[in-house]
Every structure is written in structure tokens, then in C-alpha cells.
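> Below are the sequence and a predicted model for it; my questions follow.
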Number of protein chains: 2
Amino acid sequence: MQRTSFAEMHCSIGQSLERVGEWWTPLIVRDIHLGLHRFDDIAENLGISRNLLTRRLGALVTDGIVERRAYQERPPRHEYHLSESGRELVPVLMALMAWGDKWATLEGGPPVRLVHQTCGTEFTPRVCCSACGEPVTSADVTALPGPGAASGPGTRVLARRSAIGDH
Amino acid sequence: MQRTSFAEMHCSIGQSLERVGEWWTPLIVRDIHLGLHRFDDIAENLGISRNLLTRRLGALVTDGIVERRAYQERPPRHEYHLSESGRELVPVLMALMAWGDKWATLEGGPPVRLVHQTCGTEFTPRVCCSACGEPVTSADVTALPGPGAASGPGTRVLARRSAIGDH
DNA sequence: CAGGTGAGTTCAATAAAGCAACCCTCAAGA
DNA sequence: TCTTGAGGGTTGCTTTATTGAACTCACCTG
């Protein structure tokens, strides 16, 4: 299939997808977060084929999103845990879950409810502004070129347009 | 290959990924949001092959995330625009972008800065609690079974555990 | 020592991604 | 009239990823 890599794109969404955008990968992160740390548990829970799980976990470990810890020596046995970057990915997955709850509703209602321990309330994740704390929508956010902006794969036409001052 | 569908999973992340989890799809949504509405513009900007773009746009239209609008009759020409569910996906993509900015930093710095028009400030998207407004982390959120919870592909082991009261 | 467990690896079959070339409709120019 | 060009795809072929099932290997338990 020869999937195109997004690694060369000057786009942080592309960079993120390069690491966690593959089929199964977000669900693997979810499972580890929910307490599944053993290879066989994850494989059975998801129904993913075992060789693919090997590859995906290997990539996640290489990218520093998941840590592989030995929990016994003989025979060598390992557990998978989220590293800090993996833990910070969890809220993004919760936001994606909230989108799915709203726009791809399952019959019977949402399968999971989230409770915020800090305030003790059942809640819906929302993406908010770090400055004013208000929820952000696609309409009230403007994207400006940052220090790393460049024309290249993934931003060819956009770079041309912003050079002209269009959009 | 017959990629396993997540449609039968009792998991809203699976449902979301079924719609926007394929390779390229989030970047297509990003491009449309950023003002690229024509087939050729998106194809050139991303460097995606044209037949794949046809398939992905078709799936997005079928799922109601993107709308296909005729902007002239003879010859028939169309533009692609985000529908409401597509627009609500944009903040999730911004959260993913923020994760990439932090954990998959490009040399030269972030390619895009975001400005919240409502408060006029450059900001970082954060996932927050709808009840108390505080940012959520993986540590202070508990997942409970919801009305649609069930054992099945994607939640086999988890359902067993929560039945025993484990985790 | 038979059977089980954890964590993979190997292999064949098949479906998707990629690339390039082609097609169709219409408009405008020479 | 003939050609060129844009927009929006389709067709065909090759390469690669995914699947599913079987197999391995090292150890533990009864």
C-alpha cells in the first residue's frame, strides 16, 4: 500500500498523525489508558491481529508515547504503559470521543460516561482557549503562519495563498 | 486486507475513527477548513493521489461531514465545504495540532499560530471540563460504563473487568 | 512431564494506497 | 475549425499493509 508519510509536512497535524494516526493506534492508546497493559489483553480486547499489534506497539515505543517495562525477568515479560506524551494524548482522544457521541451516536446511547474527579461531575470534554477559557469553534479561530511555516508537501497551495494575502 | 471496521465497536472513539480516522482524512478536513474548496487545490496541496481523494471526499460526504455544492451548472462544477459536524471536528484537530506542536516539534518551531477572535489572543487549544472549565488530564478523569455499554469487539476484556469490579 | 501462559514471529491471501495516464465537458483563443 | 486548458474525476497496474491462523520459545504449575 506504500502509505505516504506525513513526516516531511510542515504541519503539526501531519506530525501527530504520523505518530498516532494509523489504523488501530488511537484504540491501542485508549486501551492502555483504561488499564490494559499486557500484549494478550490488548490483542483480545481489540481483536487486532497479533503481528500488527507488535508493529504498532513498537512504533509507539520508538516515538516515546508508550513505555515497555519488564515486570519479571525469567521469562522476560513486559507491560505497556503510557509515557507523559501518551498521557497528554488522552484528553485529545476524549475530545474525539465526545465528537463521536454527538455525531456518530450508537443506538443505546454513549458507551462511556466521563467523570471529572477534580469537580466530581459527569462532563463532556470541550476544546477551550488557554487564554480566556471559553470553548473554541472553527468560526472564531484564525490560523496565522508561525515561525516554522514553509511551503512544502502538505502546505503547497496554502503557502501560495497566504503569500498573496488571500484567504 | 479488508481493514477491520470499527463500526461494530461499542466505543465512540471507534465510531469517530470509522469516519475520520483514515489516512489523509483529517488533513482533508483541515484543508477544507483553511479555505481549500476545490478538488484540484486539495489534491495539489496535500499531494494525495486523485483517486484516493475522490474516495475520501465521497466517504466524508456520505457521513455528512462535508457538503458538495455545485457552484456552476455547465459544465457541472463543485466545491467542498464543511457541514456542522465537520466544523465541530475542527477544534479536535486543533487539540491534536497542539499535541504535535509539543511532542513532535518541527525544527523552526510551530508552523501555525492560532488566534482566538473572541478574546483577541494567541492561544493553545486545551481540552477542558464542561462543568468546571478546568483543563482535564488523563489522571483526573474516570470512565464509567454509560447506557450504551456492552461487551463486544473492542471492549471484550474491558467489559469483563468492569463486571468483576476490577480496574 | 503434560498442559498452560505470555509474548511474540512467520506465512499466504487479499484489499487498499500510490502513480500515472486517460477521459469528458465545456470555454476561449488563433 | 482546431487546439489548448481547466475542472473533476476514472481506469489500470504495481506495491504494500492488514488479516487470520498457525507456529515458536521460554518458562511455570500440577
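Yep, that arrived. Only a predicted model underlies this, so the values are computations on that prediction, with no experimental measurement involved. Numbering: from 1, shown residues only, chains lettered A, B, ... in the order given.

> Any idea how far the longest helix along chain A is from the middle of the chain?
For chain A, the longest helix by residue count, based on DSSP state H, is helix A:84-103. Using CA atoms, centre = their mean, to the nearest Å, the distance from the centre of helix A:84-103 to the centre of the chain it belongs to is 7 Å.

> ok, and what's touching whatever helix or strand comes next after that helix?
Using DSSP states H and E, the helix or strand that follows helix A:84-103 in sequence is strand A:112-116. Strand A:112-116 is contacted by residues A:94, A:97, A:121-125, B:11-12, B:129, B:131-132, B:134, B:136, B:140-146, B:149 when judged by CB atoms under 8 Å, 6 or more residues apart in numbering or on different chains. (Each C-beta comes from the backbone N, C-alpha and C, glycine too.)

> related to what we said a few turns ago, could you check the angle the longest helix of chain A makes with strand A:112-116?
Angle between the axes of helix A:84-103 and strand A:112-116 is 120 degrees (criterion: axes from the mean of the first three to the mean of the last three CA atoms, to 10 degrees).

> Tell me the buried residues in helix A:84-103?
Applying a neighbour-count criterion of 16 or more other CB atoms under 10 Å in any protein chain shown, one finds A:85-101, A:103 buried in helix A:84-103.

> Stretch A:63-75 now?
If you call a residue buried by 16+ other CB under 10 Å, then stretch A:63-75 has these buried ones: A:Asp63, A:Ile65, A:Val66, A:Glu67.

> List the contacts of the nearest residue to the third one once chain neighbours are set aside.
The spatial neighbour of A:Val66 that comes closest, neighbours along the chain excluded (CB to CB, 6 or more residues apart in numbering or on different chains), is A:Leu60 at 4.0 Å. Under the criterion of CB under 8 Å, 6+ apart, the contact list for A:Leu60 reads A:Arg19, A:Val20, A:Thr25, A:Ile28, A:Val29, A:Val66, A:Gly86.

> could you redo the last one with a cut-off of 10 Å?
Shown in contact with A:Leu60 (CB atoms under 10 Å, 6 or more residues apart in numbering or on different chains): A:19-20, A:22, A:25, A:28-29, A:32, A:66-68, A:80, A:82-83, A:85-86.
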